[in-house]
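Chemist: Please find the sequence and the predicted model below.
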Amino acid sequence: MLKLYGSMASPFARRLRIWLANTEHEFIDLQIYAGEDREFLAEHNPTMKIPMIEDDGELIYDSRVIYRYLSQKFKDAPLSWEMENVLTLIDSANDSFVQLLIAKRSDIEKDDDKLFFKLHNDRIAATLKHLNKIVTDERFKAWQYPQICLYCLLDWVEFRQLHDLSGLDNLLTFQAQHQDRIEVTATDPRVE
Ligand SMILES: N[C@@H](CCC(=O)N[C@@H](CS)C(=O)NCC(=O)O)C(=O)O
């Protein structure tokens, strides 16, 4: 059976858990920062990041590659280049938030004048502003992989209190529209 390695809180793992809601799979919740789960991850995936899948003896890393692997296997239509770009925006914002969270957990003092913080803050502001503008487009009406990824990003930002989303009204409306979906509530990191 398809195995999905991730953690309850990871927005990158949650997007796949939601997308795979109607596909038989086993979800393995790893504690990636210490102990035997970290050793397991290091042995199987030198990036030491989640998500990762195991399928037919194949180990695949990285949510984007996992999505490509599984959508080929399920014979789903590939994403348009436009939606690939949307996914890049979502991933870029998500990666920046992960880096800022790691800095915070490492007790690195936040200094918005330092290049590290400036680059991540600028990227987050620009990507969220752009996503807020385009999320009202017709193409966002569907509930498909890029929309799932956007939802997981927004909900995780709120859950971890990483950014004040007020003013990004279209994104907040989008989030509210999807928050009661069964696969969304079933993967809510707040109810670990
Ligand atoms: N590009 C990767 C990003 C995955 C990622 O950053 N995962 C986080 C958890 S949300 C992680 O494993 N972080 C561990 C680390 O940075 O050491 C993907 O799309 O799968």
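Modeler: Structure's in. What do you need?
Chemist: Next, the buried residues of stretch 121-138.
Modeler: 123-124, 127-128, 131-132, 135 (16 or more other CB atoms under 10 Å). For every residue, glycine as well, the C-beta is placed using N, CA and C.
Chemist: Sorry, wrong one. I was asking about stretch 158-172.
Modeler: The neighbour-count check on stretch 158-172 (16+ other CB under 10 Å) flags 160, 162-163, 168, 171-172 as buried.
Chemist: What's the end-to-end length of that stretch?
Modeler: 10 Å (CA to CA, to the nearest Å).
Chemist: Show the average pLDDT along that stretch.
Modeler: In this model, stretch 158-172 carries a mean pLDDT of 97.
Chemist: right, is that stretch up against the ligand?
Modeler: No. Using CB under 6 Å from any ligand atom, stretch 158-172 stays clear of the ligand, coming no nearer than 10.2 Å.
Chemist: can you check stretch 50-62 too?
Modeler: Yes. Counting by CB under 6 Å from any ligand atom, the ligand has neighbours in stretch 50-62: 50-51, 62.
Chemist: Neighbour-wise, which one of those leads?
Modeler: Using other CB atoms under 10 Å as the neighbour test, those are led by residue 51, with 25 neighbours.
Chemist: wait, it sits on residue 12?
Modeler: Yes. Contact between residue 51 and residue 12 holds when scored by CB atoms under 8 Å: they sit 5.6 Å apart.
Chemist: Touching both of the two, which residues are there?
Modeler: Counting by CB atoms under 8 Å, 6 or more residues apart in numbering, the contacts common to residue 51 and residue 12 are 6, 63.
Chemist: picking up where we left off before, how about CSV for the buried residues of stretch 158-172, with secondary structure added?
Modeler: Formatted as CSV, the buried residues of stretch 158-172 follow (DSSP: H, G, I helix; E, B strand; the rest coil):
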residue, secondary structure
160, coil
162, coil
163, coil
168, coil
171, helix
172, helix
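Chemist: List just the nearest of those residues to the ligand.
Modeler: Of all the buried residues of stretch 158-172, the ligand sits closest to residue 160, with 10.2 Å by CB to the nearest ligand atom.
Chemist: How about the closest one, nearest residue that isn't a chain neighbour?
Modeler: In this structure, residue 160 finds its nearest non-sequential neighbour in residue 101, 6.4 Å apart by CB to CB, 6 or more residues apart in numbering.
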